[in-house]
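J.: No letters, just coordinates:
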């Protein structure tokens, strides 16, 4: 019998926005090819443009979280989606290098602006016990949309790269229209004076800082899948097409498994589930130390993807439970910006250099060891997370509706 509470209409509007946004994510996967083939830039220059997108992404969630607390979740999402559409059109039509770099940075800046606002809106709309299921459904929508977009983007690119920019921009506008028509402002109304500044509060919050440190460790492991793994497979004599098929298992497993485990995950202890998920991801990558065939690497991807499902379903809820009510968006944005922003830099640098100097087995064993360390650290932090969640739940009950 289905006894789970129904999720509100505004949540499903957010779910549709996530799906639409990912269905139209055409530009970034093909940006290097567009710049080298259509604009005839060198590989190094194209890489610098992609790095500009990354630089914008690093600060995007931090800015989005701050805006969502100061000016509202709804406005922040509208700015993000409409700003992304404008930046994509500018990037697709830019001819000078200065304009291309500037547009690329704005694409990165606007592209993730909505994320902390969406996460904060879900936390505003739902009771704590419902959040894991909701965040899991959003994660599923993201991966479902991305799985479709990667295939359709290749078809569109063969017709003409301009289609990628215009359709990507159009889906961003459609997502903004959905927000405008169907998602109300949910930022809590506080009557205790002006809102506190984010950084002074966050930098004194040792529990939050430890959570960010653990997430950086997790992201360091996770990004090996998109940096070190293809190099290790090539070193074992496997072609790049095999890496493409193996890494595609990540999206396939998420799309097929996530809907069936979501409600079960919601019933589990959140900090402990987070700890176990980090351990599974680390051990999944650790399997790379003892495999050298396509099916061995495929098994590794399946294992760490199972851990990723648990992590993605629960991390938003844990951070929402941890954040002060008046700084919820800022906390979520700061955590996303610091953890995955730094992890996306640290992970590839450490992994590829370790592969070059010490070999693949060392990289994968280090991933497994780091997974164990993250597991123990997250378990040690669990009592503090439970205490904060209980305190915030009591405070939230006192906030006027």
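T.: It's in. Predicted model, so just to flag it, every value in this text is computed and none were measured.
J.: Return the list of helices and strands in contact with whatever helix or strand residue 163 lives in.
T.: When secondary structure is defined using DSSP states H and E, the element that contains residue 163 is helix 161-182. Where contact means 3 or more CB pairs under 8 Å, 6 or more residues apart in numbering; DSSP states H and E, helix 161-182 is packed against helix 9-23, helix 27-33, helix 73-93, helix 128-159. Where C-beta positions appear, they are placed from N, C-alpha and C, glycine not excepted.
J.: Could you pull out the buried residues of the least confident helix or strand in the chain by mean pLDDT?
T.: Taking mean pLDDT, DSSP states H and E as the measure, the helices and strands of the chain show their lowest mean at helix 27-33, namely a mean of 74. For helix 27-33, the buried set under the neighbour-count rule, 16 or more other CB atoms under 10 Å, comprises 27-28, 30-31.
J.: roughly how far is it from the heart of the chain?
T.: 18 Å (CA atoms, centre = their mean, to the nearest Å).
J.: about what we covered before: how about CSV for the helices and strands packed on helix 161-182, with distance to residue 41 added?
T.: Output for the helices and strands packed on helix 161-182, formatted as CSV (distance: least, CB to CB, whole Å):
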stretch, distance to residue 41
helix 9-23, 27
helix 27-33, 9
helix 73-93, 13
helix 128-159, 16
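J.: Go through the ones you listed and find the least confident stretch.
T.: Between the helices and strands packed on helix 161-182, the one with the least mean pLDDT is helix 27-33; it has a mean of 74.
J.: So what touches that helix?
T.: With CB atoms under 8 Å, 6 or more residues apart in numbering as the test, helix 27-33 has contacts from 34, 43, 46-47, 49-50, 53, 88, 91-92, 104, 107, 111, 149-150, 153-154, 157, 161, 164-165, 168.
J.: For residue 323, grab phi and psi.
T.: phi -70, psi 140 (degrees, to the nearest 10).
J.: Tell me who's in contact with it.
T.: Residues counted as contacts of residue 323 (CB under 8 Å, 6+ apart) are 123, 208, 330-332, 392.
J.: how does it look with 7 Å?
T.: 331-332 (CB atoms under 7 Å, 6 or more residues apart in numbering).
J.: Same question for the one 4 residues further on.
T.: Shown here is residue 327, whose contacts under the criterion CB under 7 Å, 6+ apart are 69, 196, 198, 201.
J.: Need the pLDDT of the last one.
T.: Yep, that's residue 201 we're talking about. Model confidence at residue 201 (pLDDT) stands at 93.
J.: now do the second one
T.: pLDDT for residue 196: 82.
J.: Tell me which residues touch it, please.
T.: Neighbouring residues of residue 196 by CB under 7 Å, 6+ apart: 326-327.
J.: Then the third one?
T.: Residues touching residue 198, when contacts are defined by CB under 7 Å, 6+ apart, comprise 66, 327, 330, 334.
J.: try 6 Å
T.: Going by CB atoms under 6 Å, 6 or more residues apart in numbering, residue 198 touches 327, 330.
J.: Name the spans of this protein whose pLDDT lies under the cut-off.
T.: 1-5, 29, 43, 150-151, 154, 190-194, 397-401 (pLDDT under 70).
J.: 50 instead?
T.: Flagging of the chain using pLDDT under 50 yields the residue ranges 1.
J.: Show me the strands in it, by range?
T.: Ranges of strands in the chain, per DSSP state E: none exist.
J.: List the buried residues for the helix ranked longest in the chain?
T.: Among the segments of the chain that qualify as a helix by DSSP state H, the longest is helix 360-397. By 16+ other CB under 10 Å, the buried positions in helix 360-397 come out as 360, 363-368, 370-371, 374-375, 377-378, 381-382, 384-385, 388-389, 392, 396.
J.: what is the orientation angle of the helix holding residue 163 with helix 73-93?
T.: 170 degrees (axes from the mean of the first three to the mean of the last three CA atoms, to 10 degrees).
J.: Next, the buried residues of helix 161-182.
T.: 161, 163-169, 171-176, 178-179.
J.: what's it in contact with?
T.: 13, 16-17, 20-21, 24, 26-27, 34, 38, 77-78, 81-82, 84-85, 88-89, 92, 156.
J.: Among those, name the buried ones.
T.: 13, 16-17, 20-21, 24, 26-27, 34, 77-78, 81-82, 84-85, 88-89, 92, 156.
J.: count of neighbours near residue 62?
T.: 22 (other CB atoms under 10 Å).
J.: how far away is it from residue 56?
T.: 11 Å (CB to CB, to the nearest Å).
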